[in-house]
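Asker: Fold the following, please.
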Amino acid sequence: MRIARKILSAILLKYIKLYDGINNEKYTKKYIKFLSKRGMKISKLVNYIHSTVSFDGTGYELISIGDYSVISRDVIILVHDFSVRTGALASKITFEECLNWHFKKEVYIGNNVFIGMGAIILPGTHISNNVIIGAGSVVRGYIEEDSVIIGNPAKKICSLKEWFKNKKNNTVIDKKIF
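Answerer: Numbering: from 1, shown residues only. Coordinates of the predicted model:
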């Protein structure tokens, strides 16, 4: 029964992801509903989650995503970490004793957050409202509101308001999207 449910879930997910790039509004609504049914705390006002985003399937219920957030392609969001088992083995604890040792921590993504392509969000990360996470960044810990974060490890480079002011003055912006 459990295996059949997993197979049906995988088929449904493939079907939903077919809409990505064809009808993004329909895709996003269906994907939000799919993730929500698996226990994720996700706003119905999420703008977009690319179909290649990899959510940690061991703990959908530990992930929260707020209004107007956008998650780009190839982002990885993790809520578990088995590295504690590696430490246990190095400390001479038998493999059988620590086989399933790991920890799980929540990941919170606030309102109006943009996560760039290929970013990795580690367990226990809290991303506040109005934040940009740069492409390829590795993020963990608490990210304060009104921040632009880049790098590995990710660090704040400026406030979101400073970033936007600079972009607005130095870039041709397609105002149709605003």
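Asker: buried ones in the longest helix seen in the chain?
Answerer: The helix that spans the most residues within the chain, counting by DSSP state H, is helix 2-17. Of the residues in helix 2-17, 13, 16-17 count as buried by neighbour count, 16 or more other Cβ atoms under 10 Å. Any C-beta I mention is one placed from the backbone N, CA and C, and that applies to glycine too.
Asker: what sits against the residue most central in space within the chain?
Answerer: When Cα atoms, centre = their mean is applied to the chain, the residue found nearest the centroid is Ile77 (4.3 Å). Ile77 makes contact with 53-56, 63, 71, 107, 121, according to Cβ atoms under 8 Å, 6 or more residues apart in numbering.
Asker: Toward the C-terminus, what is the element adjacent to the longest helix of the chain?
Answerer: Of the helices and strands lying after helix 2-17 in sequence (DSSP states H and E), the nearest is helix 24-37.
Asker: by how many degrees do that following helix and helix 2-17 diverge?
Answerer: If you take axes from the mean of the first three to the mean of the last three Cα atoms, to 10 degrees, helix 24-37 sits at 160 degrees to helix 2-17.
Asker: tell me what helix 24-37 is packed against?
Answerer: With contacts defined as 3 or more Cβ pairs under 8 Å, 6 or more residues apart in numbering; DSSP states H and E, helix 24-37 has these neighbours: helix 2-17, strand 41-42, strand 48-49.
Asker: mean confidence for that helix?
Answerer: Mean pLDDT, helix 24-37: 87.
Asker: which stretches of this structure aren't confidently modelled?
Answerer: Low-confidence segments of the chain (pLDDT under 70): 1, 15, 98, 171-178.
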